[in-house]
Structure formats: C-alpha cells, structure tokens
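Enquirer: here's my sequence, what's the structure:
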Amino acid sequence: MHSRDSTTLEKAEILGTPYVPSSFRPQVLLQVNFPSTGASVQLGNELTPAETKETPVFSFVTEDTESSYAILSFDPDAPSREDQKFGPWRHLIQGGLKVKPESTEVTVTEESLSPWVAPSPGQGTGLHRYCFALYKQTQALLPMVEQAHIQGNERPERRTFKVADFAQQNGLELIGFNFFLVSDGARTGDKKAFANDSSICSVMMAFSFLPHSFSARTVEEWSRRAVV
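Expert: Model prediction:
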C-alpha cells in the first residue's frame, strides 16, 4: 500500500465515487504503457489522443501468481467533466490476466470482453480522466450474453457503464488503479494534472510494492520499467 496513490485519487475526485469507494487503498502498483509511442500512465499525467491509440500494455507485481486479474478502463467525464450524463464511458474490459512468478510480465489468457477504444474527447470538452481499475478475479468473466450491466460494444452501448455493479456480478475485487488525462488536442498544460513531476517518485512507489521474495534481478527490471 502507498498513501500517495489514494491521496492522488482523492485530489482527482476519483476516490469516493460509485466506481472507487472511499475505503479503497491500492494493494499493487499498476503500470500502463503504450509501447509504440513510449507513453506511460503515471497517476494523472496528461497525454494526447495520438499517444494513446493502441491497446495499452499492463504490468504489475504480485506474490499471488495463481490468480487471474481483470482490468476495466472507463472515462467518467463523458461528454465532459461538467456534464457526465454518458459516463462512465467503457473503453476496455480485459479479464484473464496472469503474472509470471517473480516477474512483472503479464500474459492474457482470455479474449477481451470489450476491446480497447482509444480516447477521443469531444471538441471543447476539456480534460477527461481515463481510468484503469485492476481487479483480482474470483471467477472467469461471464460471457456477454450473461452480463446484466453491459449489452454490447457499439459506441452507444458503452455509455453509462455501471462499473461497481459489473464488478460485483463478476466477482471482482479492486486492488489497483491508475489514470491519465486527455483533451481533444495537444497537451493543455492544465494545472489540474495530478502526476508527480519526478520519475524518481515512480521508482520509489514501485519498490514499495515489491514482495520481499523478489530477486535483485527482478528489482532491477522493475526499476527500469518504472522510470519513463
């Protein structure tokens, strides 16, 4: 657990919402990267639509390598932060994530229930918060036909995603979170960006989550991935 995570989520008005309860404290550090552009998600940093087109790649550290994990990605600010009538807008549902023992490498063992749709905020709608919630699975995700809270993957069907209800139906336990900001064009430089300026903070956070059983080689690998 690292207090910096929950503090940042509180400042970003994510903690204490229908999708992240006020009691939530992260158990793992979730890394989210877009390899072709070199962009990474760092708890509220600002990225551009061009940097986030491809399906993201995930990594995290856990001692429980027997369990499967799921990631839900959504934008609560649809169509805007001031008018959230279509939010949370569903961007990704990916279950069946497995972590190799003594590694940060994540493999995907299930097809995506909702494939990645890249950010495309409407013109003049300001900064949107694009969220990634990491869950431990107690069961496989139900097939689409058995889902009570999602109907399909067409764009109108992705609106008003009931994140907590979906998690409850599918036996998901929230253990990690990350998010970034995107507007409809270039970076705004808005002071509402919540990311830490120094990459050293990312390294310290990564080390705080590493199990004691990890080897020096794995620690070295994780430090390289944490510094972007």
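Enquirer: confirm residue 29 sits in a strand?
Expert: No - the assignment for residue 29 by DSSP: H, G, I helix; E, B strand; the rest coil gives coil, which leaves it out of any strand.
Enquirer: could you double-check that it sits in contact with residue 176?
Expert: Yes - in this structure residue 29 lies within contact range of residue 176 using C-beta atoms under 8 Å: 6.9 Å. In this view, the C-beta of every residue, glycine as well, is placed from N, C-alpha and C.
Enquirer: intersection of neighbour lists for these two?
Expert: Taking C-beta atoms under 8 Å, 6 or more residues apart in numbering as the criterion, residue 29 and residue 176 both touch residue 60.
Enquirer: is the closest residue in space to residue 10 that isn't next to it in sequence in a helix, a strand, or coil?
Expert: Distance criterion C-beta to C-beta, 6 or more residues apart in numbering; nearest residue to residue 10, sequence neighbours excluded, is residue 16 at 7.2 Å. At residue 16 the chain is in coil, as set by three-state DSSP.
Enquirer: my guess is residue 16 contacts residue 6. True?
Expert: No - counting by C-beta under 8 Å, residue 16 stays clear of residue 6, with 10.2 Å between them.
Enquirer: quick one, which of those two is more surrounded?
Expert: residue 6 (19 against 12; other C-beta atoms under 10 Å).
Enquirer: give me the element the residue nearest to residue 57 when sequence neighbours are not counted is part of.
Expert: Of all residues not flanking residue 57 in the chain, residue 33 sits nearest, at 5.0 Å (C-beta to C-beta, 6+ apart). Assessed by DSSP states H and E, residue 33 sits inside strand 31-34.
Enquirer: all set, thanks.
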